[in-house]
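Undergrad: Structure, please.
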Amino acid sequence: MRVGILAPIAPKEIGGGYTFEQEIFHQLLELAPASKHEFVIFEGFRDAKNGATVPGFRSASLRRPLWDHFVLRKRKFFWEFKWIDSALKHEGIEFFLNTTFEAVTLTIPFSAIVWDLQHRLQPHFPEVSANGMWEHREEFYSQVLKRATFVIVGTEAGRQEVQRFYSVPDAKIRILPHPTPSFALDESAATPADLAKFKLPPDYVFYPAQFWSHKNHAAILRAVAHLKKIDNLRLPVVFTGSDQGNERNVRDLVDQLELHDQVFFLGHVSRQELRALYQSALCLCYVSFFGPENLPPLEAFGLGCPVIAADVPGASEQLGNAAIRVNPSNDLEIAKALKILSQDKTKRDELIRRGKERARRFTGADFAEELIALLDEFETIRRSWSADS
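TA: Purely as a prediction, here's the structure:
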C-alpha cells in the first residue's frame, strides 16, 4: 500500500508528546524499507515547522493553501478539509498512519492513537474542560474513533475506556504499549558537567512534568513538607517542564510550606540534561492523576532511576512490580514511599533492577513493527478498491 505519515509536529516543549512522536516516526522509517509498503511523508500540517526531507522517502506538503482561507462552506467536522483529501489522493495514499494523537483525514482509511480519555473520566480538571476544551475533545473522539480502521491504545484499561465511551468494536482496537524511548536505553553514564550549571544538591526527588493541574506537583510538596516536619528529613525536589498555567500555584505553595531552599524549578531542559537528571536522582516521583500510561516512568526505568508512580487505572499493566505505586491523593502515602527510598538501599537497588528489565520489554522498534503488521493485515482488504475511488 501507499501509506501517508506526518512528519513530527509536536514542539520539544510538549515533553512526552514530542518524545513519543519522534520515537515512533524515526523507528517506523528505519523499518519501512524492508516492508511491503511505500511511505510518503507529509510536512507542514497545522503550519508545523517540520522538515520532511528524508533520504529514500517521498515528501509532500500538507500546508493549507491560501485560497482555502477564502472558501465559504459549512464543514460537518473541524477536521474536514477537502484540500487535504485532494492532496492525499493526488499522492495516491491508500492508508494514513497517524503517529500522533492528531487526525489528518476521516475519509481515507486511517489509524488513530488514543493517549487518554480523561475529559470523560476527570472533567473537573480545567485543561480538559475549560474554554471549550471538553467539547473539542468530545467531538474529536466521537468522530475519529468511530471512523478509524484501527484504534491504538496502550493498555487493557485504555481499551475498555474506548469501548465504554465510544462503542468502538473490539476488533478495531489494538493494544500497543507505550515504548521506552531510545535515549533512555542508552546506558552511558552522565558526567558532572551535564548538571553543573543547576547546582543541585544530591539525592533529590525528580519530577519532569509540565505545569498542568492534573500533574499534581502539590502532592509532592506536601509530602516533602511532612517529612521535613515529622521526620526531620529534608529531601530536595527538582521540577522540569514548561508552564501550562499552574506553575504560579506551585510556586505559591512552595512559599506557604517554607520549602524555598529545597525546591528547584529548571524549566525546559535538553535531552542530555534530562538523562543526567534521571541518573542522578534519588527517585522519580510521578504522581499525575492522569493515565492510563505515562512515558517518564519508562524513561526512569531505562536510566536506572527508581520510580514512585500514581496507582491510576492502567498503571499496574504498564509498570508491573518495577515501581512503588501510591494513591496520588494521599500525601502521607507519597511521603512514606519517599522515606523508604531515601533510607532503604536494598529496595532502591531492587527497583532499579526490575525497572531496567521492564524498560526493554517494549521499545520503539517493537511499536513500529506492530504498526507495519497492521498495514499488512489491512492490505488484504484495501486492495479491493482503487486509490481513486
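Undergrad: Work out for me the element Ala60 sits within.
TA: Using DSSP states H and E, the element containing Ala60 is strand 58-61.
Undergrad: For Ala323, see how far away Pro177 is.
TA: For Pro177, the distance to Ala323 equals 15 Å [CB to CB, to the nearest Å]. Backbone N, C-alpha and C define where each C-beta goes, glycine included.
Undergrad: Comparing the two, which residue is more hemmed in?
TA: Ala323 (27 against 18; other CB atoms under 10 Å).
Undergrad: Quick one: residues contacting that one.
TA: Pro297, Pro306, Val307, Ile308, Ala309, Ala315, Leu351, Gly355 (CB atoms under 8 Å, 6 or more residues apart in numbering).
Undergrad: Make TSV out of those and add neighbour count.
TA: As requested, the contacts of Ala323 are exported to TSV (neighbours: other CB atoms under 10 Å):
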residue	neighbour count
Pro297	26
Pro306	25
Val307	26
Ile308	28
Ala309	25
Ala315	23
Leu351	26
Gly355	25
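Undergrad: Inside strands: which ones of these?
TA: If you go by DSSP state E, the contacts of Ala323 have Val307, Ile308, Ala309 in strands.
Undergrad: now these in a markdown table, with distance to Ile108 and pLDDT?
TA: Output for the ones in strands among the contacts of Ala323, formatted as a markdown table (distance: CB to CB, whole Å; pLDDT from 0 to 100):
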| residue | distance to Ile108 | pLDDT |
| --- | --- | --- |
| Val307 | 40 | 98 |
| Ile308 | 44 | 98 |
| Ala309 | 38 | 98 |
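Undergrad: Now flag whichever of the residues you listed is closest to His124.
TA: The shortest approach to His124 among those belongs to Ala309, at 21.6 Å (CB to CB).
Undergrad: any idea how far Ser386 is from that closest one?
TA: Remark: distance between Ala309 and Ser386 (CB to CB) = 49 Å.
Undergrad: How about Lys356?
TA: 49 Å.
Undergrad: who's more crowded, these two?
TA: Lys356 (16 against 9).
Undergrad: Go ahead and confirm the more buried one touches Ala300.
TA: No - in this structure, Lys356 is not within contact of Ala300 by CB atoms under 8 Å, at 10.3 Å.
Undergrad: got the end-to-end distance for stretch 356-369?
TA: 22 Å (CA to CA, to the nearest Å).
Undergrad: actually stretch 299-319, not the one I wrote
TA: Start-to-end, stretch 299-319 (CA to CA) is 12 Å.
Undergrad: now do stretch 336-350
TA: OK, stretch 336-350 end separation, CA to CA: 18 Å.
Undergrad: What residues sit buried inside it?
TA: Within stretch 336-350, the residues that qualify as buried are Lys336, Ala337, Leu338, Lys339, Ile340, Leu341, Ser342, Arg348, counting by 16 or more other CB atoms under 10 Å.
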